[in-house]
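1. attaching a predicted model along with its sequence, questions to come.
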Amino acid sequence: MDLAQLAQAGRAPALPLRLELAGEVLELQRLLRVLPDQRYVALALWRGRPVLAKLLVGGKAERHFQRELQGAHLLAGQGLQTPELLAQGWQAGEGGWLLFDYLDDAQSLWDTWRAVEGQPLLSAAQQAVLGEALTVIAQMHASGLWQSDLHLDNLLRHAGSVSIIDGGGVCVEVAGKPLSRTRVLENLGMFFAQLPADVQPFVEELLVHYLLANGEHALPLEALLAEVAKVRRWRLRDYMKKIARDCSLFSARVGAFGLRVVRRECAAELAPLLDQPDALLAEGRALKLGGSATVALVHQADRELVVKRYNVKNLGHWLKRFWRPSRAWHSWVEGNRLQLLGIVTPQPLAVLERRWCWLRGRAYLITEYCGGQDIIARFQPYQDGTPPETELLALDRLFAALLRERISHGDFKGHNLFWDESLGRWSLIDLDAMQQHRSARSFAKAYARDRARFLRNWPADSALHQLLNQRIPLTPAVGSAD
């Protein structure tokens, strides 16, 4: 097979796959990233050694090839730690290739961060990960370079050092001269915007790691935080568009006779469930058998999933619902929103709507299963005492996040809040009525209802109720300008 044929191979060509590149054979063994008709990134064998292969195909291949090649040369030319470029080539009418030294057993700083994310904020382990990242970023900036797609996945820890990958995102201002302060603030804003928002109070402390490696500019905290806020808003808008269309993260089919969106990484695994949701729902363990919704725990490929079917009770109910987005779709949107904002909820995996000429009927939502205790069961032994401080701090963190993002739950009873043991955090479920408010006034009213409903889970005269009433923030004040 040549590159022109690879461009027609789709998202999942059969492996292993042998490619002819300038008279030599490259054998693709494992695909790491695929953008059909654009690029294939794979672990491959070349001349008997493992390599990371970047294969650029399609109409934009030449431009992407030149950007990748320039970025790799810029990183190496400035003496920055980066995988060695072993071979590269371009074939007119087919595409281009870049073969890099494969860093066996390397771990991205994103994976390293995920392993310590649940620890108390800015623990020594968390600070070590972010400190490594900021040191490498500072070294890039001191050399006049920055990465336009800066995130922890593009930094690999290997053999005691951190390497920069993805040359296609590397840009240069003046090679060898420190980056301007404006560019530094923009790039650091992008970096901090991708961390959990509750890391923000520690930004000034974390900047010390950067300044030790590149003290060229004074970095005003207020200006940096403004950049962080701007990038966060952009990332949220961009991600919320992706959850409704076919892209690298999601597989989507939307039409007059149905809607089906599923996380691409688990599309094959969930295919039998999405093809026959009612049959597998009936076989699962019932969690709820209400008139408006049926919920069951389903085992699929050694994995526990929750399937929620939103029922149509009668003609009157259908007439109220068919013309607007289903509750399954609303929960899908809000679940993905929470995940991006760093608020814990079972990961939404797929959403399905039955339609006839765009008129909506039954709808289904599939999520991961949260197997912990809900807060009522969890706090039952402490009606007249004090729950563990770690769980109270996690509750503080949750309410702080809801206040920061102006999110109301809409049905904040204790059965909708579960303890996630693996993360050491509270997880929200049942997001049918969740809303992110633009108006401070509307959020204040909704938050007041949420707070009151949450406290009603315990008798008003109990010590637990009084403790939580003292800890949970009051309704935010709203000025006349709001």
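-> Perfect, I can see it now.
2. part of a helix, is Leu96?
-> Wrong residue type there; residue 96 is Gly, not Leu. No - counting by DSSP: H, G, I helix; E, B strand; the rest coil, Gly96 is located in no helix; its state is strand.
3. check contacts around it.
-> Leu3, Leu55, Leu56, Ala61, Glu62, His64, Phe65, Leu69, Gln88, Gly89, Trp90 (Cβ atoms under 8 Å, 6 or more residues apart in numbering). Where you see a C-beta, it was placed from the backbone N, CA and C, and this is true even at glycine.
4. buried ones in stretch 70-78?
-> Gly71, Ala72, Leu74, Leu75, Gln78 (16 or more other Cβ atoms under 10 Å).
5. my guess is Ser108 contacts Asp153. True?
-> Yes - counting by Cβ atoms under 8 Å, Asp153 is a contact partner of Ser108 at 4.9 Å.
6. higher neighbour count, these two?
-> Ser108 (18 against 15; other Cβ atoms under 10 Å).
7. which residues does that one bridge with?
-> Leu156 (DSSP bridges).
8. what about the strands in the stretch 351-482 of the chain?
-> Using DSSP state E, counting those that start in this stretch, the strands found in the stretch 351-482 of the chain span residues 359-368, 407-408, 417-420, 425-428, 435-436.
9. turn the contacts of Gly96 into a markdown table, including secondary structure, distance to Arg378 and neighbour count.
-> Listed next are these as a markdown table, based on DSSP: H, G, I helix; E, B strand; the rest coil; distance: Cβ to Cβ, whole Å; neighbours: other Cβ atoms under 10 Å:
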| residue | secondary structure | distance to Arg378 | neighbour count |
| --- | --- | --- | --- |
| Leu3 | helix | 56 | 23 |
| Leu55 | strand | 50 | 26 |
| Leu56 | strand | 52 | 28 |
| Ala61 | helix | 54 | 22 |
| Glu62 | helix | 58 | 14 |
| His64 | helix | 51 | 19 |
| Phe65 | helix | 55 | 23 |
| Leu69 | helix | 55 | 19 |
| Gln88 | strand | 56 | 17 |
| Gly89 | strand | 60 | 14 |
| Trp90 | strand | 60 | 17 |
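10. can you tell me which two in those residues are farthest apart?
-> Across the contacts of Gly96, no pair lies farther apart than Leu3 and Leu69, at 15.6 Å, counting by Cβ to Cβ.
11. tell me the domain ranges of this protein?
-> 3-101, 107-229, 250-368, 375-471 (automatic domain parsing).
12. and the closest residue to Arg18 other than its chain neighbours, how many neighbours?
-> The shortest distance from Arg18 to any non-neighbouring residue, by Cβ to Cβ, 6 or more residues apart in numbering, is to Glu27 (5.2 Å). Using other Cβ under 10 Å, the number of residues around Glu27 comes to 15.
13. how far away is the nearest residue to Leu467 once chain neighbours are set aside from Ile472?
-> With sequence-adjacent residues excluded and distances taken as Cβ to Cβ, 6+ apart, Leu467 is closest to Thr386, at 6.3 Å. Per Cβ to Cβ, to the nearest Å, Thr386 is found 15 Å from Ile472.
14. who has more neighbours, those two?
-> Using other Cβ under 10 Å as the criterion, Thr386 and Ile472 rank with Ile472 on top: 15 against 11.
15. give me every residue that touches Glu353.
-> Counting by Cβ under 8 Å, 6+ apart, Glu353 has contacts Gly258, Leu259, Arg260, Ser326, Ala328, Trp329, Arg360, Gly361, Arg362, Ala363, Tyr364.
16. cutoff 7 Å now
-> By Cβ atoms under 7 Å, 6 or more residues apart in numbering, Glu353 lies in contact with Gly258, Leu259, Ser326, Ala328, Trp329, Arg360, Ala363.
17. ok, of those, which come out buried?
-> Using 16+ other Cβ under 10 Å, the buried ones in those are Leu259, Ser326, Ala328, Trp329, Arg360, Ala363.
18. now render these as CSV, adding pLDDT.
-> As requested, those are arranged in CSV below (pLDDT from 0 to 100):
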residue, pLDDT
Leu259, 83
Ser326, 75
Ala328, 86
Trp329, 88
Arg360, 71
Ala363, 87
